[in-house]
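[1] model this:
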Amino acid sequence: MSIEVSDEIRRNFHLFWDNFPTAVILAYKDRTIIEVNRTAEERGYPVGIRCISMGEAKHHAGCKLHIALRDKTAVRDVAYYDFLGQVADSYWIPLAGAEDFYVHFATDITDYAAERLFPGTCTSDCSSCSGA
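    Okay, the predicted model is just below:
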């Protein structure tokens with residue numbers, strides 16, 4: 001299957017995301033990576049593969065793409081990821097008017113995260129702790 005994406009969408013992705021300090025991908029609804037920003041390119045993110053084939057399957061357990069595509073709105077998730085050793089503030093954002101495509105990125109907010117987000121530090125009802 002060939003995924004058609006306009007040159008305008010590709011240009012706009014780079015216009016808005018190339019200077020962002022975190023890796024950002026533009027992907028199709030089947031999770032095929034269409035474009036990556038400069039940071040992702042420098043880190044070796046491949047284009048043309050499905051993002052879920054990067055790393056181990058368990059690394060994608062918290063993926064919220066299905067919700068973003070279903071609701072046609074941005075979805076945010078803040079959680080601790082043990083394989084990264086960090087708290088990530090993650091987003092899945094469908095493109096307005098082209099909802100089969102989305103932007104995905106996660107920023108490391110470990111230095112700013114509440115203690116309850118870290119494993120073993122929750123002192124209350126842990127059912128409310130994200131990622132722990």
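
[2] quick one, strands of the protein?
    Assigned by DSSP state E, the strands in the chain fall at 24-28, 33-36, 75-81, 86-95, 98-108.

[3] wait, which of the ones you listed is closest to His14?
    strand 33-36 (7.0 Å; C-beta to C-beta). To be clear about C-beta, it is placed using only N, CA and C from the backbone, and glycine gets the same treatment.

[4] Buried ones in that closest one, by neighbour count?
    By neighbour count on 16 or more other C-beta atoms under 10 Å, the buried set for strand 33-36 is 33-36.

[5] Relative to Pro119, how far out is Arg31?
    Between Arg31 and Pro119 the distance is 28 Å, computed by C-beta to C-beta, to the nearest Å.

[6] Now do the same contact list for the nearest residue to Ala74 once chain neighbours are set aside.
    Excluding the flanking residues, the one nearest Ala74 by C-beta to C-beta, 6 or more residues apart in numbering is Ile93, at 4.3 Å. Going by C-beta atoms under 8 Å, 6 or more residues apart in numbering, Ile93 touches 68, 74-75, 102-104.

[7] Just flag the most distant two among those residues.
    Val75 and Val103 (11.6 Å).
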